[in-house]
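Participant: Provide a 3D model corresponding to the input given below.
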Amino acid sequence: MSRPKKPEDPESFDPCARCDMAYVPAARWPEGLICGYCYMAAKRTHGACAACGHVGVLPGISSVGNTCRSCSGISLNVDCVECGQESELYRGNRCLRCVLKSEAAAVLSNSTGVLRPQLQPILDALGSMERPNSGLTWLKLPRVNELLRSLGSGDVELTHEAFDDLPRSRTVDYIRELLITHGTLPPRDRYLEEFRIWSEAKIQTLVDAEHSSIMRRFLRWHQNKRLLEKFRTAGAVDVGLFLSVKQTTTVAVELLNWLSDSDTRLGNMGQAHLDRWLSSGPSTRQHAHMFLYWAMEHRLVRRLELPKRNLANRGGYGHAERIAGIRRVITDDELLPNLRIIGGLVLIFGQPLNRIMAMQLDQVREIADGIQLRIVDDWISIPAPFDAMMRAWVANRTNLQTAAHKNSPWLFPGTFPGRHLAPAYTSIALAREGIPTSLGRTAAWRDMVLLGAPTILAAQLGMSEDIVQRHALLAGATFARYAGLAMGPGFSEP
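Facilitator: Purely as a prediction, here's the structure:
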């Protein structure tokens, strides 16, 4: 964000020939005095000259567009002595990019000026940043500078074990992910490692050895499997899944300890035990269903009737609110572009944030008459005018200006290297804009099941068929015949 201009001083300075405001003059060009603000803006204007086609800095303004130094008659030093490119000069008649490369090399090299070969990709990534001034600012941060110098000198080895020994901080996590993204460190997901350490400590809280053995099996063959599958398919475990796995594990441990306190083993647990435990504690105990379904599947506990999630209590955000929300994401240019696209995917296609955040570029494709999206296996056409918004987003994704993302595959790149946007952050941001993701998703499904067969909808949009059938029941849907999957409800008026 640019700094605000200082107040004008018309008593001390003549007005600028370009902005007609009285600021300290920086130069006198053919058109007259030029203030410092217009002078800096001219040096930062790049493109093809409207008069001769020369590509470079375009300080001149004419009736046909911006013009180069030769065509405008403006004398301006913008030739970098190191790379020869036309650009705003920063230090020693060198451009920002050359200064950044020099500064980064100094920080990443040892005391003799030698750069470790493993750090060359990091130096290259910093040097190719779209906004080199951001890289210079980042390198000057004390904690960043200290850690990068330690890596360059060899005081901190280029291993995950060395990073594990460092005090945990956002800077350490960020630089570790940066090294992973550019191949200096092998891939390792932070949440996989955190869950391994956390779950081992959690097992120690179980008071019964048999229950500890069962929990280890559950963690190995179910919880860790979920995390690893996400890591393999999406390249990273998102924070939403990580927190969900932690919560379901915590509740399962609480249940097993409650059984131990009641002198009951899991294998002897009956419906009365489960009902009593669920009714005597907080509502979060319902999250034990994942562990209990697994235990029943592996015949570690007798068949039990587990309470289903209550989908009926989803009032306050219905069809009218959904239509208003869709209208807003399409027409409100003040909303951030990523929030408009994400909000549209929630309200039009009924998609959960975790799935949206994990979408990759190859799930969007251009066809002759529009844009298609692949949510599960089938390609679904995106309705107009949302298709044009999606096309513009794919061409101009944000968070790609730093060294954090190298050819990012994510549809919604995050601020951390190699990661997509965090679902939790996005949910809060959308809620602040009046688009509650959970309620909006429910409203979308309540509309869609009135126009399409639940079985087809579930398969194409990646929802449990049982859940979709229950949405249909609550929405009062009937199906005398299959009407086909139509995205029309997102844009039809009541």
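Participant: if I pick R226, what's in contact with it?
Facilitator: Residues near R226 by CB atoms under 8 Å, 6 or more residues apart in numbering: 241, 245. In short, each C-beta sits where N, CA and C put it, glycine included.
Participant: now the strands: where do they sit in the stretch 351-494 of the chain?
Facilitator: For the stretch 351-494 of the chain, applying DSSP state E, counting those that start in this stretch gives strands covering 364-367, 370-374, 379-381.
Participant: go through these and pick out the most buried.
Facilitator: strand 370-374 (a mean of 17; mean count of other CB atoms under 10 Å).
Participant: CA-only coordinates of that strand in CSV, if you can.
Facilitator: Extracted C-alpha coordinates of strand 370-374, given in CSV (Å, rounded to 0.1, in the frame of the first residue of the first chain):
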residue,chain,number,x,y,z
GLY,A,370,-17.5,-21.5,-21.4
ILE,A,371,-15.7,-22.9,-18.4
GLN,A,372,-16.1,-26.3,-16.7
LEU,A,373,-15.3,-27.4,-13.2
ARG,A,374,-14.4,-30.9,-12.0
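Participant: strand partners of it, parallel vs antiparallel please.
Facilitator: strand 364-367 (antiparallel), strand 379-381 (antiparallel) (DSSP bridges).
Participant: so which of those strands gets nearest E254?
Facilitator: The closest of those to E254 is strand 379-381. By CB to CB, the value is 41.2 Å.
Participant: show me which helix runs longest in the protein.
Facilitator: helix 239-261 (DSSP state H).
Participant: what residues of the helix or strand following it count as buried?
Facilitator: Downstream of helix 239-261, the next assigned helix or strand under DSSP states H and E is helix 271-279. Residues of helix 271-279 classed as buried by neighbour count (16 or more other CB atoms under 10 Å): 273-274, 277-278.
Participant: with stretch 204-216 instead?
Facilitator: Going by neighbour count (16+ other CB under 10 Å), the buried part of stretch 204-216 is 206, 208, 211-212, 214-215.
Participant: got these as CSV, with pLDDT columns?
Facilitator: Shown next, in CSV, are those (pLDDT from 0 to 100):
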residue, pLDDT
L206, 95
D208, 93
H211, 96
S212, 95
I214, 96
M215, 96
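Participant: for the stretch 101-250 of the chain, what spans make up the helices?
Facilitator: In the stretch 101-250 of the chain, the segments counted as helices under DSSP state H, counting those that start in this stretch are 120-127, 132-139, 142-153, 160-164, 170-181, 190-203, 209-218, 224-234, 239-261.
Participant: switch those over to TSV; also include distance to L58.
Facilitator: Formatted as TSV, the helices of the stretch 101-250 of the chain follow (distance: least, CB to CB, whole Å):
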stretch	distance to L58
helix 120-127	24
helix 132-139	19
helix 142-153	34
helix 160-164	45
helix 170-181	34
helix 190-203	45
helix 209-218	64
helix 224-234	43
helix 239-261	44
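Participant: of all the ones you listed, which one comes closest to G36?
Facilitator: Here helix 132-139 is closest among the helices of the stretch 101-250 of the chain (CB to CB), at 17.6 Å.
Participant: got the contact list for the closest one?
Facilitator: Applying CB under 8 Å, 6+ apart, the contact partners of helix 132-139 are 95-97, 99-100, 103-104, 107, 126, 129, 144-145, 148, 401-403.
Participant: residue contacts, H46?
Facilitator: 55-58, 86-87.
Participant: now with 7 Å, please.
Facilitator: Shown in contact with H46 (CB atoms under 7 Å, 6 or more residues apart in numbering): 56-58.
Participant: closest one of the residues you listed to C16?
Facilitator: Checking the contacts of H46 against C16 with CB to CB, the nearest one is L58 at 18.2 Å.
Participant: chain neighbours aside, what residue packs nearest to the closest one?
Facilitator: Spatial nearest neighbour of L58, chain neighbours left out: N66 (3.8 Å); criterion: CB to CB, 6 or more residues apart in numbering.
Participant: ditto for A17
Facilitator: Excluding the flanking residues, the one nearest A17 by CB to CB, 6+ apart is G32, at 3.3 Å.
Participant: tell me the bridge partners for that neighbour.
Facilitator: With beta bridges defined as DSSP bridges, G32 has these partners: W29.
Participant: any idea how many residues pack against it?
Facilitator: Residues lying near G32 (other CB atoms under 10 Å) number 13.
Participant: do you know how far it is from C19?
Facilitator: Computed as CB to CB, to the nearest Å, the G32 to C19 distance reads 11 Å.
Participant: comparing the helices of the stretch 101-250 of the chain by mean pLDDT, which bottoms out?
Facilitator: The weakest mean pLDDT among those belongs to helix 224-234, with a mean of 87.
Participant: what residues sit buried inside that helix?
Facilitator: Applying a neighbour-count criterion of 16+ other CB under 10 Å, one finds 224, 226-227, 230-231, 234 buried in helix 224-234.
Participant: roughly how far does E31 sit from K43?
Facilitator: Look at E31 and K43: by CB to CB, they are 16 Å apart.
Participant: could you check which of the two has the larger neighbour count?
Facilitator: K43 (19 against 14).
Participant: residue ranges in the chain under the pLDDT threshold?
Facilitator: 1-3, 308-316, 406, 451-494 (pLDDT under 70).
Participant: what residue is smack in the middle of it?
Facilitator: Nearest to the geometric centre of the chain sits L421, at 1.0 Å (CA atoms, centre = their mean).
Participant: right, and that residue touches F412 too?
Facilitator: Yes. Contact criterion CB atoms under 7 Å: L421 and F412 qualify, at 4.5 Å.
Participant: okay, and the common contacts of the two?
Facilitator: 338, 357.
Participant: out of the helices of the stretch 101-250 of the chain, the one nearest L373 is which?
Facilitator: Among those, the nearest to L373 by CB to CB is helix 224-234 (16.7 Å).
Participant: okay, that closest one in PDB with CA atoms only?
Facilitator: Output in PDB follows, covering the C-alpha atoms of helix 224-234 (Å, rounded to 0.1, in the frame of the first residue of the first chain):
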ATOM      1  CA  ASN A 224      -3.000 -41.300  10.000                       C
ATOM      2  CA  LYS A 225      -4.400 -42.900   6.900                       C
ATOM      3  CA  ARG A 226      -6.700 -39.900   6.400                       C
ATOM      4  CA  LEU A 227      -3.900 -37.400   6.800                       C
ATOM      5  CA  LEU A 228      -1.500 -39.300   4.500                       C
ATOM      6  CA  GLU A 229      -4.200 -39.700   1.800                       C
ATOM      7  CA  LYS A 230      -4.800 -35.900   1.900                       C
ATOM      8  CA  PHE A 231      -1.000 -35.300   1.800                       C
ATOM      9  CA  ARG A 232      -0.700 -37.600  -1.300                       C
ATOM     10  CA  THR A 233      -3.600 -36.200  -3.200                       C
ATOM     11  CA  ALA A 234      -3.400 -32.500  -2.300                       C
END
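Participant: show me how far that helix is from its chain's centre.
Facilitator: In terms of CA atoms, centre = their mean, to the nearest Å, the centre of helix 224-234 is set 18 Å apart from its chain centre.
Participant: same check, this time on stretch 347-354
Facilitator: On CA atoms, centre = their mean, the centre of stretch 347-354 falls 15 Å from that of its chain.
Participant: and stretch 60-70, by the same measure?
Facilitator: On CA atoms, centre = their mean, the centre of stretch 60-70 falls 40 Å from that of its chain.
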